[in-house]
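Trainee: Predicted model, plus sequence, below.
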Amino acid sequence: AGCTKGAGEAAQPEANVGTDQNWATVGGGADETSYSRLTEIGTGNVDKLGLAWSLDLPGEVTLEATPLAVDGKIFFPGSYAAVYAVDALTGKQLWKFDPETWKHNPDKMHFSFGANRGVAYENGKIFVAGLDCRLFALDAATGKQLWVTETTPAGSYNICTGAPRTFKGKVIIGNGGADFGARGFVTAFDGNTGKQVWRFYTTPGTAAENKGDPAMEAAAKTWGADFTKAGGGGGTAWNGITFDADLNRIYIGAGNAGAYDPLIRDPGSKGDNLYTSSIVAVDADTGKYVWHYQENPRDSWDYKATPNIQTATLNIEGKPRKVIMHAPTNGLFYLIDRETGKLINQPGKTTLVNWVKDIDMKTGRPNEEPNIRYETGLTEIWPGTIGGHNWQAMSYSPRTGLVYIPIQQIGARFSKRGDASENAFNVMGLLLEPIKQKDGDGHGFLVAWDPIAQKEAWRVKNDNLWNGGTLATAGGLVFQGTAEGTFNAYNAKSGERVWQFNAGLGIVGAPMSFSLNGKQYVSILVGYGGTTAAYGDFMNVGWKYGVQPRRLLTFAIGGTAKLEATPGPDMKVHAVDDPAYVINEADVVAGKQLAVSCAACHGIALQATGTPGPDLRESAIALQLDSLTQLLKTGPLMDRGMPKFDKLTDVQIRQIHAYIRAKAREQLGLRQKDNSRPGNVKL
Ligand SMILES: O=C(O)c1cc(C(=O)O)c2c(n1)C(=O)C(=O)c1cc(C(=O)O)[nH]c1-2
């Protein structure tokens, strides 16, 4: 298994990289390279690539998952973790399983945004985690539930949006909630029984809880005495988790620290706050700590190590090295020796980065730029909290030796004072908002990155910021969907766009490829969304709730199927006013604060663009007090993802209604725009 012939100097060993016939885990192979070894679809015939079939998915909203293809069937989760099984040849739905999270643990719907990043497969079973963090095992043949287990404690702020991964008869899942100080952990369960095998926490607990656990005792030394009282924690592993069969390890991508401001979450300390913003290697059988590499010591900016963690063997200066490749949200690209957890080379900057000069190669610690820790109260930082690269999978091709990263160029303003706009969120005492200032800000880029030279080979600019993950293939192609609804293929060496398909709706998920009866297919879920869709004012892509269908698309050479034409993007907000309605200003002020709970699904300051819920300024239900009251109190749309808010009083509902009315009038130019910020966001 040497280097691929004729693939150029940078070619790397291809054996065992990625996957071929089946695409049995969200990242393709266990190595999370999102690489297909199939070659039928290539640069020579991609112009003949066409739609083989499509499946409409009524009722779905955001679709973030990479589907799986196993032995002729495609499996994927919808927005709220309903699992679909589809015949891979015909696109016919075979079965659907719905975990009905809203019945089991409806409170968790209050801090959700309708997204699930994937299912796992092993030994004839499909595994999926509901938003409420119950983990289900299903019979892949029938969709029948085999077992279910709770993965988080009752009453926790953890939600589960990530894909489980399987390894050696086990299934592993993490959770989210760091922004609210939830303590992160991953748990491995027996795939046959659902019994817990081990659990690894990514931040320490109380002294009593840490006692006797060396990894937690070591981590606790990097936190002050009062962090548990202050509610500090985080490090939630809500996306990247990778199994390394060579070394029998699991790599955990731990999220940001919560609260973001270290003085709030960890008063009286200057510690690193392990294992937040770190990759942690643990033993796959026992969950015992092996090493960690912290990308952002004492994280203060919502930087997360959660993007997908790739494993590979690269020939570097003539020697095979077992590596991890990682592009976390902080904008750097890390090449790490996976045996030791040490950096192999100086991390490169994949996007606009202003928080760090470089990394000290002796200690592995960043040499931070001055005034990035809001020393003077206001800090502008690139990348911002949305990240230089977020959960959208990057891919790696051994044939080019390049990694294909869905990059974002975006900054954030952090402030402890009142100098922010209505787009700012006050998250536990710290104001933050995304900012666009420099050329290229607010755009995504498909970046081809050389991990050994630590430099860019080429980049393609996207029209919008928040785009899909990538697929690299042995046919010399890179596939990516975009916010504006195109599905593109590029020449993996040159970055030239060689194919494009209009998917009719923005894409955030990643494509995958599989082979059936000797023919290669490429599939992708179409369903714009994700947390960044809530920044409607900042980034209008024009997708409307309930207008463009959510779909699974499958392509093959010679495919001739056509998508039914549907309305294109509409940048206008069709706000509705009732001139007879008299706005009570005190209600608007109170309603604005209450409406913070609506932001994840209806947009920050009610500015929605492709969010999982409608734009309330256009919503017939929300604009009438009676129907809004009915909706919030009785929860008739809970099965569609709209929570019940039965703890709200009539007065509070009236206040929310006044705010919706006011925002509709602002939109129509009938009222002065209010750019002031809402109050503190704390659960
Ligand atoms: O701190 C957390 O635990 C947590 C969880 C999640 C999530 O569960 O999806 C996201 C984030 N953070 C986050 O910071 C982030 O940018 C993000 C984007 C998305 C998404 O699906 O679009 N989820 C999350």
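Mentor: Good, I have the coordinates. None of the values given here were measured: they were computed from a predicted structure.

Trainee: contacts, neighbours, all on C-alpha from now
Mentor: Noted.

Trainee: Just want the most central residue of the protein.
Mentor: Most central in the chain under CA atoms, centre = their mean is residue 391, positioned 3.5 Å from the mean C-alpha point.

Trainee: helix, strand or coil for it?
Mentor: coil (DSSP: H, G, I helix; E, B strand; the rest coil).

Trainee: measure it to the ligand for me?
Mentor: 7 Å (CA to the nearest ligand atom, to the nearest Å).

Trainee: Quick one, grab the pLDDT at that residue.
Mentor: For residue 391, the pLDDT comes out at 98.

Trainee: Now do the helices in the stretch 351-500 of the chain.
Mentor: Counting by DSSP state H, counting those that start in this stretch, the stretch 351-500 of the chain has no helices to list.

Trainee: what's the spacing between whatever residue of the stretch 551-683 of the chain ends up closest to the ligand and residue 591?
Mentor: In the stretch 551-683 of the chain, the residue that lies nearest the ligand is residue 600 (10.0 Å; CA to the nearest ligand atom). Distance, residue 600 to residue 591, using CA to CA, to the nearest Å: 16 Å.

Trainee: Same check on residue 379?
Mentor: Taking CA to CA, one finds residue 379 at 29 Å from residue 591.

Trainee: So which of the two has more stuff around it?
Mentor: residue 591 (23 against 17; other CA atoms under 10 Å).

Trainee: which SSE is that one in?
Mentor: helix 585-594 (DSSP states H and E).

Trainee: Check the average confidence over that helix, would you?
Mentor: Here helix 585-594 scores 95 as its mean pLDDT.

Trainee: Show me what that helix is packed up against.
Mentor: Using 3 or more CA pairs under 8 Å, 6 or more residues apart in numbering; DSSP states H and E as the contact test, the elements touching helix 585-594 are helix 650-667.

Trainee: helices or strands up against the helix it packs on?
Mentor: Using 3+ CA pairs under 8 Å, 6+ apart, helix 650-667 sits against helix 585-594, helix 625-634.

Trainee: for the last one, what is the average pLDDT?
Mentor: Right, helix 625-634. 97.

Trainee: In it, which residues are buried?
Mentor: Judged by neighbour count (16 or more other CA atoms under 10 Å), helix 625-634 contains these buried residues: 625, 628, 629, 631, 632, 633.

Trainee: Can you add distance to the ligand and give those back as a markdown table?
Mentor: Listed next are those as a markdown table, based on distance: CA to the nearest ligand atom, whole Å:
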| residue | distance to the ligand |
| --- | --- |
| 625 | 31 |
| 628 | 27 |
| 629 | 29 |
| 631 | 26 |
| 632 | 24 |
| 633 | 26 |
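
Trainee: any idea how far stretch 507-520 is from the chain center?
Mentor: 21 Å (CA atoms, centre = their mean, to the nearest Å).

Trainee: Can you give me the buried ones in it?
Mentor: Those would be 507, 508, 509, 510, 511, 512, 513, 514, 515, 516, 520, for stretch 507-520 by 16+ other CA under 10 Å.

Trainee: Wondering if that stretch reaches the ligand at all.
Mentor: No: Stretch 507-520 is not in contact with the ligand by CA under 6 Å from any ligand atom; minimum separation 8.4 Å.

Trainee: Stretch 297-308 now?
Mentor: No: Stretch 297-308 is not in contact with the ligand by CA under 6 Å from any ligand atom; minimum separation 6.7 Å.

Trainee: Start and end of that stretch, how far apart?
Mentor: Using CA to CA, the end-to-end distance of stretch 297-308 comes to 20 Å.

Trainee: Off-centre distance for it?
Mentor: 13 Å.

Trainee: Contact residues of the stretch 51-200 of the chain facing the ligand?
Mentor: 115, 160, 161, 176, 177, 178, 179.

Trainee: Turn these into TSV, columns for secondary structure, pLDDT and neighbour count.
Mentor: Shown next, in TSV, are these (DSSP: H, G, I helix; E, B strand; the rest coil; pLDDT from 0 to 100; neighbours: other CA atoms under 10 Å):
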residue	secondary structure	pLDDT	neighbour count
115	coil	95	26
160	coil	95	30
161	coil	97	30
176	strand	95	28
177	coil	90	25
178	helix	86	29
179	helix	80	23
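
Trainee: Could you pull up the residues touching residue 259?
Mentor: Residues near residue 259 by CA atoms under 8 Å, 6 or more residues apart in numbering: 178, 179, 180, 181, 232, 233, 234, 265, 427, 428.

Trainee: redo that, cut-off 6 Å
Mentor: 181, 265 (CA atoms under 6 Å, 6 or more residues apart in numbering).

Trainee: quick one: it and the ligand, what's the gap?
Mentor: With CA to the nearest ligand atom as the criterion, residue 259 and the ligand are 10 Å apart.

Trainee: any idea how far that residue is from residue 183?
Mentor: Noted for residue 259: a distance of 11 Å to residue 183, by CA to CA.

Trainee: Point me to the residue sitting farthest from the middle of the chain.
Mentor: residue 580 (43.3 Å).

Trainee: pLDDT value on that residue, please?
Mentor: pLDDT, read off for residue 580, is 95.

Trainee: before we move on, what about residue 281?
Mentor: With respect to pLDDT, residue 281 has a value of 99.

Trainee: quick one: least confident helix or strand in the chain?
Mentor: Least confident helix or strand of the chain, by mean pLDDT, DSSP states H and E, is strand 680-681 with a mean of 54.

Trainee: Can you give me every residue that contacts the residue nearest to the centre of the chain?
Mentor: residue 307.

Trainee: what sits against residue 334?
Mentor: 325, 326, 347.

Trainee: returning to that earlier point: and the residue of the stretch 551-683 of the chain closest to the ligand, how many neighbours?
Mentor: By other CA under 10 Å, neighbour count at residue 600 equals 24.

Trainee: burial count for the nearest residue to it once chain neighbours are set aside?
Mentor: Closest residue to residue 600 apart from its sequence neighbours, by CA to CA, 6 or more residues apart in numbering: residue 113 at 5.3 Å. The number of residues packed near residue 113 is 28, by other CA under 10 Å.

Trainee: Tell me the residues on the chain that lie near the ligand, please.
Mentor: So the chain meets the ligand at 115, 160-161, 176-179, 236, 238, 255, 386, 530-531 (CA under 6 Å from any ligand atom).

Trainee: Where does the stretch 351-500 of the chain get nearest to the ligand, which residue?
Mentor: Closest residue of the stretch 351-500 of the chain to the ligand, CA to the nearest ligand atom: residue 386 (5.3 Å).

Trainee: what about that residue, neighbour count?
Mentor: Residues near residue 386, counting by other CA under 10 Å, number 24.

Trainee: what's the answer for residue 572, then?
Mentor: What residue 572 shows, counting by other CA under 10 Å, is a neighbour count of 10.

Trainee: That one - nearest residue in space that isn't next to it in sequence?
Mentor: Of all residues beyond its chain neighbours, the one nearest residue 572 is residue 542 (7.4 Å), with distances taken as CA to CA, 6+ apart.

Trainee: The one you found falls within a helix, correct?
Mentor: No: counting by three-state DSSP, residue 542 is not part of a helix but coil.

Trainee: For beta bridges, what are the partners of residue 135?
Mentor: residue 129, residue 149 (DSSP bridges).

Trainee: Could you shift the numbering so residue one becomes 74, and keep it that way?
Mentor: Sure, I'll start counting at 74 from here, so that last one is residue 208.

Trainee: tell me the phi and psi of residue 337?
Mentor: phi -90, psi -40 (degrees, to the nearest 10).

Trainee: neighbours around it, how many?
Mentor: Counted with other CA under 10 Å, residue 337 comes out at 17.

Trainee: Pull up the gap between it and residue 275, please.
Mentor: 19 Å.

Trainee: Run through the stretch 274-423 of the chain and note the low-pLDDT ranges.
Mentor: Scanning the stretch 274-423 of the chain for pLDDT under 70 picks out no residues.
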